[in-house]
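[1] Fold the following for me, if possible:
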Amino acid sequence: MEATLDLDKVGRPKSLNVIVGTGISYTRPDGIHIISLSSLGA
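    Predicted coordinates for the structure are as follows:
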């Protein structure tokens with residue numbers, strides 16, 4: 001997905017986040033953030 005970004009306009013992404021419908025929010029050992037919808041107030 002990063003390959004589709006125009007890095008000259010928007011810069012490199014600060015983090016990779018995956019939003020999930022259920023479960024808890026946590027950060028994986030490889031730095032990817034798993035974010036539950038309930039953490040976003042949905």
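
[2] pLDDT score for the closest residue in space to I32 that isn't next to it in sequence?
    The shortest distance from I32 to any non-neighbouring residue, by CB to CB, 6 or more residues apart in numbering, is to L16 (4.9 Å). All C-beta spots, glycine's among them, are computed from the backbone N, C-alpha and C. Here the pLDDT value assigned to L16 is 91.

[3] residues in contact with the residue nearest to the spatial centre of the chain?
    Nearest to the mean C-alpha position of the chain, by CA atoms, centre = their mean, lies N17 at 0.9 Å. Neighbouring residues of N17 by CB atoms under 8 Å, 6 or more residues apart in numbering: 32-35.

[4] Rebuild those residues as CSV, extending it with neighbour count, pLDDT and secondary structure.
    CSV is the format used below for the contacts of N17 (neighbours: other CB atoms under 10 Å; pLDDT from 0 to 100; DSSP: H, G, I helix; E, B strand; the rest coil):
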residue, neighbour count, pLDDT, secondary structure
I32, 12, 94, coil
H33, 13, 96, strand
I34, 15, 96, strand
I35, 16, 95, strand
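
[5] Reformat the residues you listed as JSON lines; add distance to D8.
    Below are the contacts of N17 laid out as JSON lines (distance: CB to CB, whole Å):
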{"residue": "I32", "distance to D8": "25"}
{"residue": "H33", "distance to D8": "25"}
{"residue": "I34", "distance to D8": "30"}
{"residue": "I35", "distance to D8": "28"}
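
[6] which one of those sits closest to I24?
    Nearest to I24 among those is I34, at 8.0 Å by CB to CB.

[7] distance of the closest one from V10?
    Distance from I34 to V10, counting by CB to CB, to the nearest Å: 23 Å.

[8] in the lowest-mean-pLDDT helix or strand in the chain, what's buried?
    Across the helices and strands of the chain, mean pLDDT, DSSP states H and E gives its lowest value to helix 7-10, namely a mean of 88. By 16 or more other CB atoms under 10 Å, helix 7-10 has no buried positions at all.

[9] Show the subsequent helix or strand relative to that helix.
    Using DSSP states H and E, the next helix or strand after helix 7-10 towards the C-terminus is strand 17-20.

[10] Please consider this matter closed, and thank you.
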